[in-house]
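Trainee: I'd like to go over a predicted model; first the sequence, then the structure.
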Amino acid sequence: MGYVLKLRQVTGPRALIVVGAAAVVIQQARLLLVRRTDNQLWGLPAGSKELNEDLSTTAKRELREETGLVGHESRLLTVVSGVGMQYTYPNGDQIDSVTTVYQLTSSGQLQADQHETSDVQFFPLTNLSSALTPITRQILSQLQTEQIL
């Protein structure tokens, strides 16, 4: 059981400030997205930091868990927090996310884990899915504003 899930046993669904990381993997002008099983929306491979884990490792771990890919050569792109980074999960759990965003290269076989993700695909940067999670939409907006994407 992960750190945030253990906290939930004590706090219930109330809003928690959650620190995490997201992986940006781009191949041939296409961005890797995962379809989440909890809300059926597309998002970046991402998740919460575990105790004693650095954020680059969080991004790599989440990439592997959700897509089967191994992340390499992490490069910090930005940190996203504040307005637009609040979310209520379908089960009622609330978060206020502080997300570090890393660009990673990757290797391995692309495969959804069927637990957190039901599908994984590369989308053209110019034609991303319109069914994005609100937090992914906020992260991509900041990357575009900062002219990173």
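Mentor: Cool, the structure landed.

Trainee: and the longest strand for the protein?
Mentor: Assignment by DSSP state E gives strand 94-107 as the longest strand of the chain.

Trainee: And the helices in this structure?
Mentor: 3-11, 55-67, 134-145 (DSSP state H).

Trainee: Next, format these as JSON lines and append distance to Gly43.
Mentor: For glycine as for every other residue, the C-beta is placed from the backbone atoms N, C-alpha and C. Output for those, formatted as JSON lines (distance: least, CB to CB, whole Å):
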{"stretch": "helix 3-11", "distance to Gly43": "17"}
{"stretch": "helix 55-67", "distance to Gly43": "9"}
{"stretch": "helix 134-145", "distance to Gly43": "4"}
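
Trainee: On the pLDDT front, check the closest residue to Ile148 other than its chain neighbours for me.
Mentor: Of all residues not flanking Ile148 in the chain, Leu77 sits nearest, at 5.3 Å (CB to CB, 6 or more residues apart in numbering). Leu77 is assigned 98 on the pLDDT scale.

Trainee: that older thread, and the longest strand of the chain, how far out from the chain's middle?
Mentor: Distance of strand 94-107 from its chain centroid, counting by CA atoms, centre = their mean, to the nearest Å, is 5 Å.

Trainee: Taking helix 134-145 as reference, get the angle to it.
Mentor: 60 degrees (axes from the mean of the first three to the mean of the last three CA atoms, to 10 degrees).

Trainee: Mind giving me the packing neighbours of strand 94-107?
Mentor: Strand 94-107 is packed against strand 16-24, helix 55-67, strand 70-80, strand 86-88, helix 134-145, with contacts defined by 3 or more CB pairs under 8 Å, 6 or more residues apart in numbering; DSSP states H and E.
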